[in-house]
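A.B. asks: Task: produce atomic coordinates for the following.
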Amino acid sequence: MEDMFVADEVKSLKLRDPFLKNKTFEVKLNLTTHDIDCSCKLYTSVGYLCSHSFLCLSLSAIPFIPRQYVNNRWLKRAEERFSTLVLSEIANLNPEEDAKRTKTRDCWFEFQGCVSDASGDIEHIDFIHKSLTVMRNHIKDSSKLGDTAPKHTSISDFIGLQVVEEVTILPPNQSNNKGCRKRIIGAAEKSLGGKKRQKRKCRKCKEFAFHDSRNCTGQS
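C.D. replies: As a prediction, the model looks like this:
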């Protein structure tokens, strides 16, 4: 560590990393909100904090990773979007929605367990089928929405997404590739700074041209 100072509730550190050719990185930590920023930009590119940020947190006596830097894909509950048939990314749900999803998952596991316990027994399978039919009819009769619910509402409740009312996606810009374009300028022409190529005297035909004796087509 080369330097460390605190100004306006922001701690700044300058670190030299021996594993990255002794490059110097600057880390800034907000002591109030625990927002942290490192000049290596590892969190921006990959999605997890770098070793420089962890060192700054350790020196600041912060034992846990700030919640804003723990993405949903690193959590154990990330698998819920597959077990509950929810295709959207996991958001910060309220307690009621979280309890609803937990019960839905438990019901799904109970159904799978019943089918597995039946083990191909036709009597048990008939019992499961009749019980499910009775439960479904009871749910249809006692449902508040009934059959009058719009189709898009049922789909939104099933997949956990809300239909966007206003679409802000614009069509891509039209690409016009017709007609001739400028030729690619080579490195030799760029080195001349835009000047025109000068003619040279050919030793074979004794004329000033853009060829030499190796590719001269004239007679000697």
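A.B. asks: Which parts of this protein are strands?
C.D. replies: 3-7, 10-17, 23-30, 36-38, 200-201, 208-209 (DSSP state E).
A.B. asks: most packed of those?
C.D. replies: strand 36-38 (a mean of 21; mean count of other CB atoms under 10 Å). From N, CA and C alone the C-beta is placed, and that goes for glycine too.
A.B. asks: Partner strands of it and their direction?
C.D. replies: Here strand 36-38 is paired, per DSSP bridges, with strand 23-30 (antiparallel).
A.B. asks: and the partner strand with strand 3-7, angle?
C.D. replies: Here the directions of strand 23-30 and strand 3-7 differ by 20 degrees (axes from the mean of the first three to the mean of the last three CA atoms, to 10 degrees).
A.B. asks: lowest confidence element among the helices and strands of this protein?
C.D. replies: Sorting the helices and strands of the chain by mean pLDDT, DSSP states H and E puts helix 80-83 at the bottom, at a mean of 55.
A.B. asks: Measure how buried Ser45 is and give me the count.
C.D. replies: 7 (other CB atoms under 10 Å).
A.B. asks: Buried residues in stretch 113-129, which are they?
C.D. replies: By 16 or more other CB atoms under 10 Å, the buried positions in stretch 113-129 come out as Ile128.
A.B. asks: all helices for the protein, in order.
C.D. replies: 42-45, 51-59, 80-83, 95-118, 122-142, 151-159, 187-191 (DSSP state H).
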